[in-house]
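Colleague: Have a look at this fold, sequence not included:
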């Protein structure tokens, strides 16, 4: 079974530029998550999709971050414009379970390391 | 509202000695609890999960955790540490949502396990 794919693996940009990350979840997984992991901290959930609908985006800085999962499969996370504090690893994860199942083991991709100069 | 506290940012043990990584949680509903491990330059991997079945949960690589509702704890243990256990460990809580809601995970800040030869 193929795992969660993410690209690019590394990205270096200057502040005020824009950047986009792509994620392809495990086939058949209904739920897709984007996390931001700043060095030395735990992953912070940015947005959670159930199929192509948003379940939670309460911690997504909506003035600069956007995400979509148009066909309920792969997803794109965009930052525009980037700030220095956006330097982090962006993790994508997927889970098989839907909204009403009592557990939701997540499978994580390798992450994209973003450096904003 | 849910939250999770990992009580130690770093834990240092000698190879062959027991490991204890502490996690306390706050939950409004019946929670699901997880431990994930992140080895350097590798993706997050599930160690074990609690989903309201047995309170003592066994995971991979000899790790186990006990759900104690009265103490709101889910500490991770291993009888004998191995050098390969050196990694970052994250405790995760996911509340059972109200009807119509969704499971949304919250990560702790992480505990770095250091294993000395």
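Modeller: On my side now, so go ahead. Since this is a predicted model, take the numbers as computed values, not measurements. Residues are numbered from 1 along each chain as shown, chains lettered A, B, ... in the order given.
Colleague: in the chain, which spans are strands?
Modeller: If you meant another chain, say so; for now it's chain A. A:5-7, A:10-13, A:19-24, A:31-37, A:44-50, A:53-56, A:65-68, A:75-79, A:88-95, A:107-108, A:112-116 (DSSP state E).
Colleague: meant chain B actually
Modeller: With DSSP E, the ranges of strands along chain B come out as B:3-6, B:10-14, B:19-21, B:23-26, B:31-38, B:44-50, B:56-58, B:64-68, B:73-78, B:87-95, B:105-107, B:111-116.
Colleague: and chain B, which of its residues are near chain A?
Modeller: Residues of chain B lying close to chain A by C-beta under 8 Å from any C-beta of the partner chain are B:6, B:32, B:34, B:36, B:42-46, B:49, B:51-52, B:90, B:94, B:96-97, B:101-110. Any C-beta I mention is one placed from the backbone N, CA and C, and that applies to glycine too.
Colleague: Tell me the buried residues within these.
Modeller: Among these, those buried by neighbour count (16 or more other C-beta atoms under 10 Å in any protein chain shown) are B:6, B:32, B:34, B:36, B:43-44, B:46, B:49, B:51, B:90, B:94, B:96, B:102-108, B:110.
Colleague: residue ranges with poor pLDDT in chain B?
Modeller: Low-confidence segments of chain B, defined by pLDDT under 70: B:100-101.
Colleague: for chain A, same thing?
Modeller: The model of chain A has pLDDT under 70 over residues A:1, A:97-103.
Colleague: So which residues on it come close to chain B?
Modeller: Checking chain A against chain B by C-beta under 8 Å from any C-beta, the hits are A:3, A:33, A:35, A:40-45, A:48, A:50, A:55-56, A:91, A:93, A:97, A:99, A:101-106, A:108-111.
Colleague: PyMOL command for the buried members of those residues?
Modeller: Selection of buried members from the residues of chain A next to chain B for PyMOL, criterion 16+ other C-beta under 10 Å:
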select buried, chain A and resi 33+35+42+43+44+45+48+50+55+56+91+93+97+99+103+104+106+108+109+110+111
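Colleague: sorry, back to before: for the strands of chain B, give me a markdown table that also has distance to residue A:83.
Modeller: Converted to a markdown table, the strands of chain B look like this (distance: least, C-beta to C-beta, whole Å):
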| stretch | distance to residue A:83 |
| --- | --- |
| strand B:3-6 | 27 |
| strand B:10-14 | 29 |
| strand B:19-21 | 33 |
| strand B:23-26 | 31 |
| strand B:31-38 | 25 |
| strand B:44-50 | 25 |
| strand B:56-58 | 40 |
| strand B:64-68 | 38 |
| strand B:73-78 | 35 |
| strand B:87-95 | 25 |
| strand B:105-107 | 22 |
| strand B:111-116 | 27 |
